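A.B. asks: all I have is the shape, not the residue letters:
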């Protein structure tokens, strides 16, 4: 979605639905790609960045052609009045063969 006033606004897929197929044209005549979108949650005791990295690393073991990701949610668990876990919900975009 293009939002006015954002310094780094860009066009994004119109659907945020999990598993939605996104069609996009790549440079070159007659070439097109289709991407699949899936959502995973990474967990870490060391911070949100580590949680997001864990999500990507774990998915990369079984998902081919990962291209980019978007962190959509950040959450955490509190135990004994301290942050115990960081959770990062990550949308992963990958090319279909």
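C.D. replies: Arrived safely. Quick caveat, the model's predicted, so the values are computed rather than measured.
A.B. asks: just checking, next helix/strand downstream of the least confident helix or strand in the chain by mean pLDDT?
C.D. replies: Across the helices and strands of the chain, the lowest-confidence element by mean pLDDT, DSSP states H and E is strand 21-25, at a mean of 45. Scanning forward in sequence from strand 21-25 by DSSP states H and E, the next helix or strand is strand 32-44.
A.B. asks: how about stretch 69-83: buried residues?
C.D. replies: residue 69 (16 or more other Cβ atoms under 10 Å). For the C-beta atoms, the positions are set from N, CA and C on the backbone; glycine is no exception.
A.B. asks: quick one: low-confidence ranges for this protein?
C.D. replies: Regions of the chain meeting the criterion pLDDT under 70 cover residues 1-32.
A.B. asks: now the strands for the protein?
C.D. replies: Shown for the chain, the strands assigned by DSSP state E span residues 21-25, 32-44, 66-79, 82-95.
A.B. asks: in TSV: these, plus distance to residue 56.
C.D. replies: Converted to TSV, these look like this (distance: least, Cβ to Cβ, whole Å):
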stretch	distance to residue 56
strand 21-25	18
strand 32-44	7
strand 66-79	6
strand 82-95	7
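A.B. asks: list the contacts for residue 66?
C.D. replies: Residue 66 sits next to 56, 59, 60, 92, 93, 94 when contact means Cβ atoms under 8 Å, 6 or more residues apart in numbering.
A.B. asks: what of residue 68?
C.D. replies: Applying Cβ under 8 Å, 6+ apart, the residues contacting residue 68 are residue 93.
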